[in-house]
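> got a structure for you, letters missing:
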């Protein structure tokens, strides 16, 4: 049932309502499926639109960050030590997880459920280690939420990524179970692709966060 | 979130039967089920409820301002009314009314059996309702008087005690999130579930306008979500992003209005775009021919959508100087609207030239067409006021009643009249009952006439430099006449809307209206090829789709074949 057009008319129950029978202005039957127009990927397109909207929320936060940064004499405040180790480790982990989740799709496309499940579990571990590192970056930052606007935006931006990451972890967990249950195959892996789109988007969020918080905001 | 719906539609079971079964199982899972027509109607009902609320608030405000030295409400209460009137009108009336009509009508217009994510749609409605309840509870919790732009003074009285503003902000975040989810649902439906033969270029103009409006909302509403959330963080958790002085420890109050209007200005236009689409559809239907140029109408709608992002700076009052680019942007977005109006007029002219004049005359007398025509003077007045306002960007016109008048004509007047036109046009399809024609003419007279009166009064007050938040004025002031006119206009609009609601209650809810039949208006698009109200799965069979107006093709084909038959019988007239 890759053609939605088919599902729109075939296989549907006859209306049970007591209304008069449908009088259509034509007796012409619905033409058959149009060749070459499979409507697959509904979930993937939905997810793409969702992350577009989500990126605009992030855009609003980044815009506020940049506006405050432009208006400040010293940014970040002089007593803030911008680290490099933790953000670098998270960035590398994000890159690795980007590959592992694509490996999962690659395997599922070849009907290789075993490898697909392994790839997704690996992705989960990489995601959890990122979450752990981000928690560490909260704890070790050396400043609080309300100490200054850098502190506020630091917590908001990293928290924004952390929330998305936790959601993505739940998504990939479900997808891993479904992979093990044999739900995906060469013809049928739209949910997996949608999940991967979301995962890659979380990585993009991180790259944006690391760019504004760390790369663009260094003393001297 | 898109994920969960996948499991039903594209889940593990291979092929066949999965859709009907899962569809049948769905109504129990959500209150009132997941049918897009039900949920869409619920959205419309909720929107009408808040329309009443918004109008009642404005009537109280106008009663206060009708006479000099009035003492009906104090300044503080007036500002609260003012705030809630704006919030109700934009976020709880115009937004859900288009989301509801869009999600109810679009699948019917493109020949789909359902929306792409039916359960997500149901969830969006209940989410919206929760958000709306929070917004409504806000003024009960504590005073909320910042205006709907939450910028009085800039950005918001952070020290204001109480939970009212917090509730308002969170409620708006929830409402906007629900709206984004509905928009995603509709856009994916248009992209993925069109019937065979319905190419993107053949998508009916109203569905097209909903898609354009959806694209704008998808990009602009999240900016508002982010802005409201950050303001909430400032207020509730004591951060200082929008307060304090610029410096490394404090934020910048000037950021707020820019951020807000960057999102809100396109949103306002996105709520007018479906009105333009609906009127295009109505004009074509009652002219009995396709639009003068469908492609140009579609392109004009896209033009409004794209250019709506260019003019936001014209609304920001505290930019250090008017920026030429924003003035150009605010002017440019008006051009495609004007072109669209010319397109409608050309359609009617061609219909008069080529078509059956009697049919056209009957078309002009029908209620949806009268609503559509009634929108024209309001829209034209709004365009004219906007040109003046744009040229005056960053100066006086933006702090006085000229802006109020301009926005009420262009955004609220035109969009609301368009929404009512759409209701009287598609309501019979959705609910199987027509609204009363006699009452309809009375409603049109009251709403359109009242709106024009209100707007003209507001523009007059703008010329006389009455400021936006003014809650009372002295007797003998030159503002007396203008205010009386505005108040009278508002009262007339209110009466018209009350009649409309009674009409809806009587004709639709009580079921006393004329049964509409499958196609009451001689429609051109697919939704008229199924009974009213449509069955749960929308269509038993679809006509062949070879253009943007498949039913018009059929009418033409049938009248041709009838003609050739009668030619054979050498008989004269046909109907």
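Received it, and whenever you're ready, just let me know what you need. Not measured: the values here are computed from a predicted model.

> Can you name the residue of chain A nearest to chain B?
Nearest residue of chain A to chain B, counting by C-beta to the nearest C-beta: residue A:60, 2.9 Å away. Quick note: C-beta positions are derived from backbone N, CA and C, even for glycine.

> buried set for the lengthiest helix in chain A?
Ranked by residue count under DSSP state H, the longest helix found in chain A is helix A:149-180. For helix A:149-180, burial by neighbour count (16 or more other C-beta atoms under 10 Å in any protein chain shown) applies to A:149-158, A:160-162, A:164-165, A:168-169, A:171-176, A:178-179.

> I'd like the next helix or strand past it.
Next helix or strand after helix A:149-180 toward the C-terminus (DSSP states H and E): helix A:190-210.

> average pLDDT for that next one?
Averaged over helix A:190-210, pLDDT sits at 96.

> List the residues that contact the residue in chain B positioned nearest to chain A.
Nearest residue of chain B to chain A: residue B:226, at 2.9 Å (C-beta to the nearest C-beta). Residue B:226 is in contact with A:56, A:57, A:58, A:59, A:60, A:61, B:259, counting by C-beta atoms under 8 Å, 6 or more residues apart in numbering or on different chains.

> hmm, which two among these are most spread apart?
Farthest-apart pair in those is A:58 and B:259; separation 13.3 Å (C-beta to C-beta).

> Neighbour count for the two, which is higher?
The neighbour comparison of residue A:58 against residue B:259 (other C-beta atoms under 10 Å in any protein chain shown) goes to residue B:259, with 26 against 22.

> wait, isn't that one in contact with residue A:62?
No: if you go by C-beta atoms under 8 Å, residue B:259 and residue A:62 don't touch, sitting 11.3 Å apart.

> Just confirm yes or no for the one helix or strand residue B:170 maps to near chain A.
According to DSSP H and E, residue B:170 maps onto helix B:164-192. Yes: counting by C-beta under 8 Å from any C-beta of the partner chain, chain A is contacted by helix B:164-192 at B:180, B:183, B:184, B:185, B:187, B:188, B:191, B:192.

> ok, those residues vs residue B:167, which is closest?
residue B:180 (20.4 Å).

> quick one on the thing from earlier: list the residues that contact the residue of chain A closest to chain B.
Neighbour list for residue A:60: B:222, B:223, B:225, B:226, B:227, B:230, B:259, B:263 [criterion: C-beta under 8 Å, 6+ apart].

> follow-up on the earlier one: please, which helix or strand holds the residue of chain B closest to chain A?
Short version, using DSSP H and E: residue B:226 is in helix B:205-237.

> next helix or strand past that helix?
The first helix or strand that comes after helix B:205-237 along the chain, using DSSP H and E, is helix B:255-287.

> any idea of the angle that next one forms with helix B:205-237?
In terms of direction (axes from the mean of the first three to the mean of the last three C-alpha atoms, to 10 degrees), helix B:255-287 departs from helix B:205-237 by 160 degrees.

> filter the buried residues of helix A:149-180 by proximity to chain B?
Among those, proximity to chain B is found for A:149, A:150, A:152, A:153, A:156, A:171, A:174, A:178 (C-beta under 8 Å from any C-beta).

> Once you drop chain neighbours, what's closest to residue A:126?
In this structure, residue A:126 finds its nearest non-sequential neighbour in residue A:97, 3.9 Å apart by C-beta to C-beta, 6 or more residues apart in numbering or on different chains.

> host element of the one you found?
helix A:85-109.

> Name the residues that touch stretch A:212-220?
For stretch A:212-220, the external contacting residues (C-beta under 8 Å, 6+ apart) are A:62, A:65-66, A:69, A:74-76, A:78, A:82-84, A:87, A:150, A:153-154, A:157-158.

> And the next helix or strand past the lowest-mean-pLDDT helix or strand in chain A?
Ranked by mean pLDDT, DSSP states H and E, the weakest helix or strand in chain A is helix A:4-9, scoring a mean of 38. For helix A:4-9, the following helix or strand on the C-terminal side (DSSP H and E) is helix A:42-70.

> What's the PyMOL syntax to select whichever of the residues of helix B:164-192 next to chain A are buried?
Listed next is the PyMOL selection for buried residues among the residues of helix B:164-192 next to chain A, using 16+ other C-beta under 10 Å:
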select buried, chain B and resi 180+183+184+185+187+188+191+192
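
> Can you tell me which of the residues of helix B:164-192 next to chain A is nearest residue B:272?
residue B:183 (15.8 Å).

> I'd guessed that closest one sits against residue B:220; true?
No: Residue B:183 is not in contact with residue B:220 according to C-beta under 8 Å; the separation is 10.4 Å.

> Could you tell me how far the nearest residue to the residue of chain B closest to chain A once chain neighbours are set aside is located from residue A:153?
Excluding its sequence neighbours, the residue lying closest to residue B:226 (C-beta to C-beta, 6+ apart) is residue A:60, at 2.9 Å. Counting by C-beta to C-beta, to the nearest Å, the gap from residue A:60 to residue A:153 is 12 Å.

> Of all residues in chain A, which one is nearest the centre?
The centroid of chain A falls nearest to residue A:198 when counting by C-alpha atoms, centre = their mean (1.9 Å).

> Would you mark the buried spots in stretch B:474-486?
For stretch B:474-486, a neighbour-count test (16+ other C-beta under 10 Å) marks B:479, B:482, B:483, B:484, B:485, B:486 as buried.

> typed the wrong thing, it's stretch B:426-444
Those buried within stretch B:426-444 under the rule 16+ other C-beta under 10 Å are B:426-436, B:439-440, B:443-444.

> what's next to it, contact-wise?
Outside stretch B:426-444, the residues that touch it by C-beta under 8 Å, 6+ apart are B:37, B:40-41, B:101, B:104-105, B:108, B:366-367, B:370-371, B:374, B:420, B:423-424, B:496-497, B:499-500, B:502-504, B:506-508, B:511-516, B:520, B:527-528, B:531-534.

> Report the distance from it to the chain centre.
Here stretch B:426-444 is found 18 Å from its chain centre; the criterion is C-alpha atoms, centre = their mean, to the nearest Å.

> What average pLDDT does it get?
The average pLDDT for stretch B:426-444 rounds to 94.

> Tell me where the model's unsure across the chain.
Using chain A. Applying pLDDT under 70 to chain A picks out residues A:1-39, A:219-220.

> My question was about chain B, not that one.
Filtered on pLDDT under 70, chain B yields the residue ranges B:1-32, B:151-161, B:244-249, B:315-323, B:393-398, B:565-575.

> Just the strands from it, written as ranges.
Counting by DSSP state E, chain B has no strands at all.

> what's the first-to-last distance across stretch B:533-548?
End-to-end distance for stretch B:533-548, by C-alpha to C-alpha, to the nearest Å: 23 Å.

> Return the closest of the buried residues of stretch B:426-444 with respect to residue B:118.
Nearest to residue B:118 among the buried residues of stretch B:426-444: residue B:430, at 16.7 Å, using C-beta to C-beta.

> roughly how far apart are the closest one and residue B:486?
Taking C-beta to C-beta, one finds residue B:430 at 35 Å from residue B:486.

> what's the answer for residue A:73, then?
On the measure of C-beta to C-beta, residue A:73 and residue B:486 end up 48 Å apart.
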